[in-house]
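Participant: coordinates for the following, if possible.
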Amino acid sequence: MNYQVTGRGSSSRSRKASSVPPKTKTLSDKAYEQIKDRLVSAKYVPGQFLQEAQICADLKLGRTPVHQALHRLQQEGLVEIIPRKGILVKSDSLSEIFLALEVRALVEPYCAALCAEKATQADINALRDLLDEYDAKRESANKSKLMEMDRRLHTMIAEIAGNHLLADFLRPIHERMSRIWFLPHWQFHDFGLTGSEHGALFEAIEKRDAEGASAAMKEHVDSLRRRIMEAGS
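Facilitator: The predicted structure follows:
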């Protein structure tokens, strides 16, 4: 398969357009980020019913920003607002998880191939720094931090690929899948193996080997599928 593209490095230049001032976060934005973090890390457990007043107390925020944030999260499929009952934290079935992996197996190898062709030296350095940080913290047993770095790596690869629509499409899939590793019956996750798979992926990207990067990403997603099947058996 030929992955050759034009416009090498254009994605990095677009990401480095720092002349645009960052948007000031509203209380609704802050509520959204904090609730989402609790959902992704399974502090709010799938299947649990929550009350708005409880969430407000947890976040030390008022009802309006929390209410607005919950409606955003409902649109993303992470919660369901049920009148007179509360807020249900949505669960992902095993079949839904495997559907998400199917999507990842189709899209992410393509992103990895484009990343290998488009990455600038600054992009390579940023990827290496993130992998070095992952390796340094791998023995810390801080699952939340390691999973966050895993998501950052996949997001960075998709962004370097130069298609922000794909990056935006993949981000919520990674966030939802991260939840399973925090649940009591999904305690198996080999961060050492994940680090090795990331290393193989990075090596192909660093060599500008599009075919190799695609194959390494496919193997990484396939490995995740196997591990989920083993954990659920």
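Participant: neighbours of residue 199, how many?
Facilitator: Residues lying near residue 199 (other C-beta atoms under 10 Å) number 14. (C-beta placed from N, C-alpha, C; glycine too.)
Participant: for the strand or helix carrying it, what is the average pLDDT?
Facilitator: Using DSSP states H and E, residue 199 maps to helix 191-206. Averaging pLDDT along helix 191-206 yields 92.
Participant: with just CA atoms, put it into PDB.
Facilitator: C-alpha atoms of helix 191-206 as PDB (Å, rounded to 0.1, in the frame of the first residue of the first chain):
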ATOM      1  CA  PHE A 191       2.400  -1.600  30.900                       C
ATOM      2  CA  GLY A 192       5.700  -3.100  30.100                       C
ATOM      3  CA  LEU A 193       4.300  -4.800  26.900                       C
ATOM      4  CA  THR A 194       2.600  -1.600  26.000                       C
ATOM      5  CA  GLY A 195       5.800   0.300  26.300                       C
ATOM      6  CA  SER A 196       7.600  -2.200  24.100                       C
ATOM      7  CA  GLU A 197       4.900  -1.900  21.500                       C
ATOM      8  CA  HIS A 198       5.100   1.900  21.600                       C
ATOM      9  CA  GLY A 199       8.900   1.600  21.200                       C
ATOM     10  CA  ALA A 200       8.500  -0.500  18.000                       C
ATOM     11  CA  LEU A 201       6.000   2.000  16.700                       C
ATOM     12  CA  PHE A 202       8.300   5.000  17.400                       C
ATOM     13  CA  GLU A 203      11.300   3.200  15.800                       C
ATOM     14  CA  ALA A 204       9.300   2.900  12.500                       C
ATOM     15  CA  ILE A 205       8.200   6.500  12.700                       C
ATOM     16  CA  GLU A 206      11.700   7.700  13.400                       C
END
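Participant: and that helix, what does it pack onto?
Facilitator: With contacts defined as 3 or more C-beta pairs under 8 Å, 6 or more residues apart in numbering; DSSP states H and E, helix 191-206 has these neighbours: helix 94-118, helix 121-137, helix 143-160, helix 210-232.
Participant: for residue 199, which of those is the nearest?
Facilitator: Closest approach to residue 199 among the helices and strands packed on helix 191-206 is made by helix 121-137 (6.7 Å; C-beta to C-beta).
Participant: flag every buried residue along the closest one.
Facilitator: 123, 124, 126, 127, 130, 131, 134 (16 or more other C-beta atoms under 10 Å).
Participant: need the helices and strands packed on helix 191-206 in a markdown table (columns: mean pLDDT).
Facilitator: Output for these, formatted as a markdown table (pLDDT from 0 to 100):
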| stretch | mean pLDDT |
| --- | --- |
| helix 94-118 | 94 |
| helix 121-137 | 94 |
| helix 143-160 | 89 |
| helix 210-232 | 90 |
